[in-house]
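# For reference, the sequence and a predicted model appear below.
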Amino acid sequence: MMSATSVMNPDAGASRWWHNRTLKRFMRHKLACTGLILIVLMVLACAFGPLLLPFDDLHIDLRNRFAPPFTGWHLLGTDPLGRDTLARVLMAGRISLLVGFFAMLLSIAFGATIGIVAGYYGGRTGNVLMRIVDAFLSFPSVFLLLALAAFLKPSPMMITVIIAITSWMEVARIVETEVRSLREREFILAAKMLGLSGRWIMFRELLPNVVGPIIVAATLTVARAILLEAYISFLGYGIQPPLPSWGNMLNGAQQYLVRAPWLALAPGLAITLAVTCFNCIGDGLRDALDSRSQH
């Protein structure tokens, strides 16, 4: 079969996020470009940085407890056990960023599926699905997150799933609204007249046309997931020591704020930088994907 999308929806190619015009608009967004560069550098540092350091994150040196930054090879100082703070921040970054990325993938996949089905079918099916979304939204996400974390084993995989469970509803609402506005367009009506299945129309015709809002939601979901992981780990329900995460590093540093403030500053700045960069990227993508944007 020839490409139904290209025949029935001549604007499909122009609406794709990787279109040259969209890329140019994104490149003009200085904060978004800066955020993207910093995120790439942060990912590379967390991935390869621990391999380049003379200490690993579990190396204990009691003779160098609470060493201040720039003491010998300890560029960010050491903690109460003499462990290198930089090594622990980078290793914690691996955990926190992986949790953020995979929680985003799960929440986007589930939320987008619910949103597409609800928006395409509408009627009773759409109402039931959206009432389920409303039911989840009616619970404060932080309390729901803490309740799930308290009763389940706090491994990185389980924390990822828990965060995804509390993050998919906004994505579902966004996608459902977009699909509902597209389902009566000419190319969808033509697809129905050709006898294409509902699954084909939803995932081959509608999904490519809502990929822009999904990408924007994905970047913001990563930022939210990193914050949530840090929050529950700080409270002791998330990633458990000796496995480091930015959240549990803050938890361990709170009693040493006066004596060793670098223990809190390093993971705190890492969280702030990561979340700010992802939010800036999301803002840049939102502007670049806005068809009304002329700048």
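Received, thanks.

# Give me the most central residue, the chain.
Nearest residue to the geometric centre of the chain (C-alpha atoms, centre = their mean): Val222, 1.2 Å.

# which ones are touching that residue?
Residues near Val222 by C-beta atoms under 8 Å, 6 or more residues apart in numbering: Gly100, Phe101, Ala103, Met104, Phe278. All C-beta atoms are positioned from the backbone trio N, CA, C, and that covers glycine.

# Mind pulling up the pLDDT for the residue nearest to the last one when sequence neighbours are not counted?
Meaning Phe278. Nearest residue to Phe278 in three dimensions, chain neighbours excluded: Ala223, at 3.8 Å (C-beta to C-beta, 6 or more residues apart in numbering). With respect to pLDDT, Ala223 scores 92.

# any idea how far the nearest residue to Phe26 once chain neighbours are set aside lies from Ile39?
Of all residues not flanking Phe26 in the chain, Ala288 sits nearest, at 3.8 Å (C-beta to C-beta, 6+ apart). Plainly put, Ala288 is 16 Å away from Ile39 if you go by C-beta to C-beta, to the nearest Å.

# more neighbours, the two?
Taking other C-beta atoms under 10 Å, Ala288 and Ile39 do not tie; Ala288 has more neighbours (23 against 19).

# just checking, the more buried one touches Asn20?
No. Using C-beta atoms under 8 Å, Ala288 makes no contact with Asn20, being 11.2 Å away.

# if we can go back for a sec, so how far is the host helix or strand of the residue nearest to Phe278 off the chain centroid?
Element membership for Ala223 (DSSP states H and E) is helix 211-234. Between the centre of helix 211-234 and the centre of its chain there are 3 Å (C-alpha atoms, centre = their mean, to the nearest Å).

# Quick check: what element follows that helix along the chain?
helix 246-253.

# list the helices and strands that following helix packs on?
Packing partners of helix 246-253 (3 or more C-beta pairs under 8 Å, 6 or more residues apart in numbering; DSSP states H and E): helix 85-121, helix 211-234, helix 262-289.

# thinking again about what came up before, now do the same contact list for the residue nearest to Phe26.
Residues near Ala288 by C-beta under 8 Å, 6+ apart: Trp17, Thr22, Leu23, Arg25, Phe26, His29, Ala32.

# And Leu31, by the same measure?
Cys280, Asp283, Gly284.

# where in the stretch 101-250 of the chain is pLDDT low?
Along the stretch 101-250 of the chain, no part satisfies pLDDT under 70.

# any idea which element Arg180 lies in?
Under the assignment here (DSSP H and E), Arg180 is part of helix 168-182.
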